[in-house]
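Peer 1: What would the 3D arrangement of this be:
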Amino acid sequence: LKFMLGELANSPNLLDRFMREARAVAKLRGEHVCRIFDVGRLDNGSPYIVMELLKGEDFAAVVSREGKLEPQVAVTYLLQAIEAEAHAEGIVHRDLKPGNLFITTDRDGSPLVKVLDFGISKSSSAPATRTGDVMGSPGYMAPEQMSNAKSADARTDIWALGVILYQALSSTMPWTGESLPALCMSVISD
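Peer 2: Have a look, this model is predicted:
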């Protein structure tokens, strides 16, 4: 269950983002997306989303615990994330990172990756980003996404998956910075 409570539910921008997540995920039918069963509002008007219950851990925990992953394992996980097929529905996630990839198990006991948190996704049918907005997790953002969130397209998600793969194989990030501006400069210039 995902709730938007208190003052957050009174923010039109945050409310729109919450409902956009529900609409985006509801369009996706593949096994690699956490399914949504219901969307509604509580008696007090606060919105909620009822999602599939997942057992397992996010990819960030796996990478943190395991360090460098075997290439076959890392690639298998990332290929499953690609199979979420959001781009086929005109949806750009814009915040792919290890914490938004969840590793659970399929019916046969094999690992199954689910893409989570479409809260800042962008739909080609209803773009909702203003010029100047920064959307995403900086270490995984493509240079064009850092400079203009409106320019984010499927390539920005591919970039993020590349960064995740790099991190999974090397146990380090490709770019670093002691501050957010330094990190952004490193990504943009290096």
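Peer 1: Could you pull up the contacting residues of Met4?
Peer 2: Residues near Met4 by C-beta atoms under 8 Å, 6 or more residues apart in numbering: 14-15, 18, 46-48. The way it works is simple: take the backbone N, C-alpha and C, and place the C-beta from them, glycine included.
Peer 1: mind checking which helix or strand of this protein has the lowest mean pLDDT?
Peer 2: Ranking every helix and strand in the chain by mean pLDDT, DSSP states H and E puts strand 122-123 at the bottom, with a mean of 55.
Peer 1: in stretch 77-84, what's buried?
Peer 2: Using 16 or more other C-beta atoms under 10 Å as the test for burial, stretch 77-84 gives 77-78, 80-81, 84.
Peer 1: For the strand or helix carrying Val163, which outside residues touch it?
Peer 2: If you go by DSSP states H and E, Val163 is part of helix 154-170. Defining contact as C-beta under 8 Å, 6+ apart, one finds that helix 154-170 is touched by 59, 63, 68-69, 71, 74-75, 77-78, 81-82, 86-87, 92-98, 101, 136, 139-142, 144-145, 173-174.
Peer 1: Narrow these to those that are buried.
Peer 2: Going by neighbour count (16+ other C-beta under 10 Å), these have 59, 63, 69, 74, 77-78, 81, 86-87, 92-98, 101, 136, 139-142, 144-145 buried.
Peer 1: Tell me how far Glu31 lies from Leu169.
Peer 2: According to C-beta to C-beta, to the nearest Å, Glu31 and Leu169 sit 25 Å apart.
Peer 1: Which one's more surrounded, these two?
Peer 2: Neighbour comparison, Glu31 and Leu169: the larger count goes to Leu169, with 16 against 12 (by other C-beta atoms under 10 Å).
Peer 1: ok, so what distance separates that one from Tyr77?
Peer 2: From Leu169 to Tyr77 the distance is 11 Å (C-beta to C-beta).
Peer 1: what do you get for Lys97?
Peer 2: 13 Å.
Peer 1: Low-confidence ranges, this protein, go.
Peer 2: 5, 9, 85-90, 92, 118-136, 148-151 (pLDDT under 70).
Peer 1: So which residues of it form helices?
Peer 2: Counting by DSSP state H, one finds helices in the chain at the ranges 12-27, 59-66, 71-82, 143-147, 154-170, 180-189.
Peer 1: could those be laid out in JSON lines, adding distance to Asp38?
Peer 2: Below are those laid out as JSON lines (distance: least, C-beta to C-beta, whole Å):
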{"stretch": "helix 12-27", "distance to Asp38": "9"}
{"stretch": "helix 59-66", "distance to Asp38": "27"}
{"stretch": "helix 71-82", "distance to Asp38": "25"}
{"stretch": "helix 143-147", "distance to Asp38": "32"}
{"stretch": "helix 154-170", "distance to Asp38": "27"}
{"stretch": "helix 180-189", "distance to Asp38": "37"}
